[in-house]
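In: can't give you the sequence, but here's the structure:
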Ligand code: SF4
């Protein structure tokens with residue numbers, strides 16, 4: 001852990017999530033922090049919090065062009081309901097899409113490369129000018145996320161995971177207390193929602209993210225590498241050689 005991360009961890013230890021976000025947005029990283037949101041199953045919590053703190057906080061939404069229509073509709077619904085004024089929908093470059101995935105099926109043969117040009121590269125571009133970004137990751141989602149810290153360094157920026165310690169019952173209670181609409185796919189068995197080809201429903205005894213890249217070693221898209229740089233369930237998947245996907 002770097003000195004900067006140690007300092008942040010010490011400075012904000014013990015704060016409630018809302019208090020932490022307020023400090024980060026107004027004091028620690030004014031105009032230099034963005035929320036990266038999937039507008040997925042639990043996304044409304046952080047979106048609601050920043051709407052009450054500073055609704056003009058930049059929100060980066062990765063539209064991979066492979067998302068469920070329900071997610072796009074949900075995004076528009078939340079933006080309107082919460083009064084968010086700077087939601088940026090980020091997409092892969094058309095030339096990358098045409099050159100790397102002209103038939104739209106790269107996910108089936110090279111999912112890491114697909115995630116790299118649809119998610120990793122667009123996020124890298126969108127984060128230019130920001131010193132820090134906020135994620136909605138939580139410890140209970142799967143094994144890979146069970147030991148994450150609240151503050152990390154990632155590619156020279158501070159990455160903040162303010163919801164890590166939240167439990168499913170707290171998530172549900174927050175939605176209820178603030179009359180937040182659920183993502184429509186949650187009721188259909190999707191507690192974690194990504195791209196259509198790489199997301200499936202889960203059973204009650206599975207991790208919430210078990211339906212992501214089901215049957216593959218892959219567990220993360222590359223914007224969230226594990227501590228050792230891997231993005232796999234149990235075995236290492238090599239990054240695409242020519243593109244360096246993690
Ligand atoms: S989640 Fe699947 S479809 Fe979406 S970018 Fe990654 S590999 Fe491609």
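Out: Thanks, I have it. This structure is a prediction, so every number in the text was calculated from the model and none was measured.

In: May I have the beta-bridge partners of residue 90?
Out: When assigned by DSSP bridges, residue 90 has beta-bridge partners residue 62.

In: ok now do it, which residues does it touch?
Out: Residues in contact with residue 90, defined by C-beta atoms under 8 Å, 6 or more residues apart in numbering, are 60-63, 122-123, 125-126. Glycine gets a C-beta too; all of them are placed from N, C-alpha and C.

In: Residue 80: which of these is nearest?
Out: Here the nearest of those to residue 80, counting by C-beta to C-beta, is residue 61; it sits at 14.3 Å.

In: if I look at the residue nearest to that closest one when sequence neighbours are not counted, how far off is residue 218?
Out: Nearest residue to residue 61 in three dimensions, chain neighbours excluded: residue 89, at 4.9 Å (C-beta to C-beta, 6 or more residues apart in numbering). Going from residue 89 to residue 218 by C-beta to C-beta, to the nearest Å gives 24 Å.

In: tell me which residues in the helix of greatest length in the chain are buried?
Out: Secondary structure of the chain per DSSP state H: the longest helix is helix 69-82. For helix 69-82, a neighbour-count test (16 or more other C-beta atoms under 10 Å) marks 70-71, 74-75, 78-79, 82 as buried.

In: Does the ligand have contacts with that helix?
Out: No - under the criterion of C-beta under 6 Å from any ligand atom, helix 69-82 makes no contact with the ligand; the nearest approach is 11.6 Å.

In: contacts for that helix?
Out: Helix 69-82 has contacts (C-beta under 8 Å, 6+ apart) with 38-40, 43-44, 47-48, 51, 55, 61, 63, 84, 87, 89, 181, 183-185, 193.

In: Just the ones of these in strands?
Out: Secondary structure assignment (DSSP state E) places 61, 87, 89 from the contacts of helix 69-82 within strands.

In: ok, residue 89 and residue 218, which is more surrounded?
Out: A count of neighbours by other C-beta atoms under 10 Å puts residue 218 above the other of residue 89 and residue 218, at 20 against 15.

In: quick one: that one and residue 112 touch, right?
Out: Yes - when contacts are counted by C-beta atoms under 8 Å, residue 218 is listed as touching residue 112 (6.8 Å).
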